[in-house]
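K.L.:
Okay, here's the prediction I keep looking at, along with the sequence it came from:
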Amino acid sequence: MKVDLFDFHLPEELIAQTPLEQRAESRLMVLDKETGEINHEIFKNIKNYLTPGDVLVLNDTKVLPARLFGIKTDTGAKIEVLLLKQQEGNKWEALVKPAKRIKEGTEILFGDGQLRAVCEDVGEHGGRILNFHYEGIFYEVLEELGQMPLPPYIKEQLEDQDRYQTVYARERGSAAAPTAGLHFTEELLAEIQEMGVHIAFITLHVGLGTFRPVSVEDIDEHEMHSEYYIMTEGTARLLNQVKQEGNRIITVGTTSTRTLESIAAKNGGVFKEESGWTNIFIYPGYEFKAIDGMITNFHLPKSTLIMLVSALAGRDHILHAYNTAVEERYRFFSFGDAMFIR
């Protein structure tokens, strides 16, 4: 299957650069995955499409303010560092720019010397292993010195860093937000629960591979990045109960979807408490084992994310919905509007 089958024309002005003032006031496209029928709504009205006994599965990962700006101690040259993944102790896998300036043994200072990093290994494509030295608690230092690692298509500065976090974010570890969840407020979630809809949480720490373009012509040749996930015993028990009762499992975002499908595929359609790494790649032809519906944002052309939603609703329905979204001037990508595939 060719990557070009998932292309569509997107005017640049439809790429949302800033979040709306009110999270739940974004637009919502409701797509029937069987018929392709489309309804246009406001996100806060999502509750009108939920039924008592359904479960919403949310990813409670928290984005690290993982972009740091420092200087080389020997030359004073400016260096940008993006933390990707914690290794053992205070060692982190990171991307650095300009990479050619950072060799083994290079020291970088951040802030007024509150944070110091020494390069211990040189990898490919700007990748480095940095060992950090500091006083106090690392994450508190990072909160003070770091910036949110916004996606490359967002050019505006974010005034309130919390707007790139979901209201239920609690497990630190992501390089990017699970953006479908940005539309929920605490009040809306409370209203949904009062209706008799269950709320469940999983954790999947989103990697920068989320933004990596598909560089092959044939989808079958694409290799997905791996991301770390956690499902608790309580969430597994609830999901199994909902499934047994014949009610719907609705994921919020592609990250929650990939987590549930990974676990269900390993365990014969049953959910179990577990953690691990997943590189599951979902595209048309995939048979879903876990979910019945999904809330998601509008994704990049030719991305693995538009392939995933096409697997759920069919490529023709998705491309028609996306072309309709362009005609109706929906906002796209991380700070954009939402779609409910049901």
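P.N.:
Happy to help now that I have it.
K.L.:
pretty sure D220 contacts M1?
P.N.:
Yes: between D220 and M1 there is a contact under CB atoms under 8 Å: 7.0 Å. For every residue, glycine as well, the C-beta is placed using N, CA and C.
K.L.:
Tell me which of those two has more neighbours.
P.N.:
Between D220 and M1, counted using other CB atoms under 10 Å, M1 has the larger neighbour count: 13 against 8.
K.L.:
how close does that one get to D54?
P.N.:
Computed as CB to CB, to the nearest Å, the M1 to D54 distance reads 32 Å.
K.L.:
Where does the record place the domain boundaries for this protein?
P.N.:
Per automatic domain parsing, the structural domains of the chain span 3-63+160-341, 67-145.
K.L.:
From start to finish, how long is the shortest one in a straight line?
P.N.:
Right, domain 67-145. Criterion CA to CA, to the nearest Å; first-to-last residue distance in domain 67-145 is 9 Å.
K.L.:
what about it, average pLDDT?
P.N.:
The average of the pLDDT scores along domain 67-145 is 92.
K.L.:
Give me the distance from it to the chain's centre.
P.N.:
Here domain 67-145 shows a centroid-to-chain-centroid distance of 24 Å under the convention CA atoms, centre = their mean, to the nearest Å.
K.L.:
now do stretch 227-240
P.N.:
Offset of stretch 227-240 from its chain centre (CA atoms, centre = their mean): 18 Å.
K.L.:
contacting residues around that stretch?
P.N.:
Contact with stretch 227-240 is made by 55, 57, 171, 173, 198, 200-207, 209, 249, 255, 258-260, 262-263, 270-279, 290, as judged by CB atoms under 8 Å, 6 or more residues apart in numbering.
K.L.:
how about a cut-off of 6 Å?
P.N.:
Outside stretch 227-240, the residues that touch it by CB atoms under 6 Å, 6 or more residues apart in numbering are 198, 200, 202-205, 207, 259, 263, 271-275, 277-278.
K.L.:
Show me which of the residues you listed are buried.
P.N.:
Buried members of the contacts of stretch 227-240, scored by 16 or more other CB atoms under 10 Å, are 198, 200, 202-205, 207, 259, 263, 271, 278.
K.L.:
what ranges do the helices span in the stretch 201-342 of the chain?
P.N.:
Taking DSSP state H, counting those that start in this stretch to define them, one finds helices in the stretch 201-342 of the chain at 233-244, 254-266, 304-313, 315-327.
K.L.:
Out of the ones you listed, which gets nearest to H183?
P.N.:
Evaluated with CB to CB, the helices of the stretch 201-342 of the chain place helix 254-266 nearest to H183, the distance being 13.9 Å.
K.L.:
now the closest one: mean pLDDT?
P.N.:
97.
K.L.:
contacts for that helix?
P.N.:
With contacts defined as CB under 6 Å, 6+ apart, helix 254-266 is touched by 57, 59, 178, 202, 204, 206, 229, 231, 251, 271, 278, 280, 289-291, 294, 305, 308.
K.L.:
Just the residues you listed: which are in strands?
P.N.:
Counting by DSSP state E, these place 57, 59, 202, 204, 229, 231, 251, 278, 294 in strands.
K.L.:
ok so, going back, now distance to P19 too, for the helices of the stretch 201-342 of the chain, in CSV please.
P.N.:
CSV is the format used below for the helices of the stretch 201-342 of the chain (distance: least, CB to CB, whole Å):
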stretch, distance to P19
helix 233-244, 28
helix 254-266, 19
helix 304-313, 19
helix 315-327, 18
